[in-house]
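Peer 1: Below are the sequence and a predicted model for it; my questions follow.
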Amino acid sequence: MVSILTYLTAFLLYILIGWYFWRYTWQQSMTGGYGRPVSIDWAHHAMFIPLVLHALTLYHSMFIGSGLSFGLSNAISSIVWLTAIIYWFSGFFNRMQGLQTLVAPVAVAAAVAIFLPYFFPSLRPLDNTELPAFKAHLLIAMLAYSLLTIAALHALLMMVVERQLHHPTKHPMLTNLPPLLAMEKLLFRIIWIGFILLTLTLLSGVVFSREVFGQPLTFSHKTLFGFISWGVFAALLFGRQLYGWRGRIAVRWTLTGFATLLLAYIGSKFVLEIILNR
């Protein structure tokens, strides 16, 4: 049994580490010094503790008896947790050190998300959760969501940086970021991995539908928007390779694909659980 103390400890650590990264980045940019990289600082290693506590709370709220509960609150909390842990792990690599500006908002988002399953528990286990196809489908889907969430955050940061280039005064928080071209290359690497996982998600959904129901995948609201999101990211990657799409075009297509992906899963769960109470 996970107590409220576990939730509070993880919440406070997320907030403390997020505040530290924000303060460190601000002071570093204001003084113009680079000092010791944030990625090897104590706060980056300490982030492991709230991530583990967050994982414990998710395990407690998702596994009910022999079933698996994966309602709206658990889905959001899981996606934010995976986003945080992927970003935390990538921070150990030198090429990501200049992007630690995003650690603060990611930590704050995780601090909020950890309490969602506690205050809005989902007590209805999903059907057929014992099947390997379903477990693989769920894991791949969450990884795809998390990577494309990182891509959306990265695109927003690129949009801010691009706008700052047209102004004589640059915000001090943006002074230590990598060049825009390097950020753009990293964006497409993230999108490529997320797109592959999204493709596997849709394919595994088809396999799961045939294995459980013995019929092809039906085009529900979630499925329709999932394929639309896949088409948006496919068009973006195709346009990048064929026409050299970059800059604002890449950012807009990335955010459009991510928004459609949110409608596919989070949006459908919100309608079913919150509005229709099913």
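Peer 2: On my side now, so go ahead. Numbers count the residues shown, from 1 in each chain.
Peer 1: Pull the distance from the helix or strand harbouring Ser78 to the chain's centre.
Peer 2: Element membership for Ser78, per DSSP states H and E: helix 72-90. Going by Cα atoms, centre = their mean, to the nearest Å, the spacing between the C-alpha centre of helix 72-90 and its chain's C-alpha centre is 6 Å.
Peer 1: Would you enumerate the residues in contact with Trp88?
Peer 2: For Trp88, the contacting residues are 44, 47-48, 51, by Cβ atoms under 8 Å, 6 or more residues apart in numbering. Heads up, the C-betas are built off the backbone N, CA and C, glycines and all.
Peer 1: I'd like to know how many residues surround Leu5.
Peer 2: 9 (other Cβ atoms under 10 Å).
Peer 1: Going by neighbour count, list what's buried in stretch 8-18.
Peer 2: Across stretch 8-18, burial judged by 16 or more other Cβ atoms under 10 Å covers 10-11, 13-15, 17-18.
Peer 1: just stretch 111-122 next, same as before
Peer 2: 111, 113-118, 120, 122.
Peer 1: go on, stretch 71-85?
Peer 2: Here stretch 71-85 shows 71-85 as buried, counting by 16+ other Cβ under 10 Å.
Peer 1: how's this protein carved up into domains?
Peer 2: Using automatic domain parsing, the domain ranges for the chain come out as 1-122, 127-278.
Peer 1: Output those domains in JSON lines, with mean pLDDT appended to each entry.
Peer 2: Output for the domains of the chain, formatted as JSON lines (pLDDT from 0 to 100):
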{"stretch": "domain 1-122", "mean pLDDT": "79"}
{"stretch": "domain 127-278", "mean pLDDT": "80"}
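Peer 1: hang on, the earlier thing: give me the buried subset of the contacts of Trp88.
Peer 2: Judged by 16+ other Cβ under 10 Å, buried ones among these: 44, 47, 51.
Peer 1: which one of those sits closest to Ser3?
Peer 2: For the buried ones among the contacts of Trp88, the closest approach to Ser3 (Cβ to Cβ) belongs to Leu51, at 18.3 Å.
Peer 1: from the buried residues of stretch 111-122, which single one is nearest Thr260?
Peer 2: Checking those one by one against Thr260 (Cβ to Cβ), the nearest turns out to be Ala113, at 21.3 Å.
Peer 1: quick one: contacts for the residue nearest to that closest one when sequence neighbours are not counted?
Peer 2: In space, and not counting its chain neighbours, Ala113 is closest to Val80: 3.8 Å by Cβ to Cβ, 6 or more residues apart in numbering. Shown in contact with Val80 (Cβ under 8 Å, 6+ apart): 109-110, 113, 149.
Peer 1: and what of Leu261?
Peer 2: Leu261 neighbours (Cβ under 8 Å, 6+ apart): 145, 148, 198, 225-226, 229.
Peer 1: Just the buried residues of those residues.
Peer 2: 145, 148, 198, 225-226, 229.
Peer 1: Please convert the residues you listed to TSV, extending it with distance to Phe238.
Peer 2: As requested, the buried ones among the contacts of Leu261 are exported to TSV (distance: Cβ to Cβ, whole Å):
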residue	distance to Phe238
Tyr145	22
Leu148	17
Leu198	15
Phe225	20
Gly226	18
Ser229	15
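Peer 1: What about these, which are in helices?
Peer 2: 145, 148, 198, 225-226, 229 (DSSP state H).
Peer 1: from the buried residues of stretch 111-122, which is closest to Trp192?
Peer 2: Ala113 (26.2 Å).
Peer 1: picking that back up, now, the buried ones among the contacts of Trp88 that are in strands?
Peer 2: Among the buried ones among the contacts of Trp88, DSSP state E puts none in strands.
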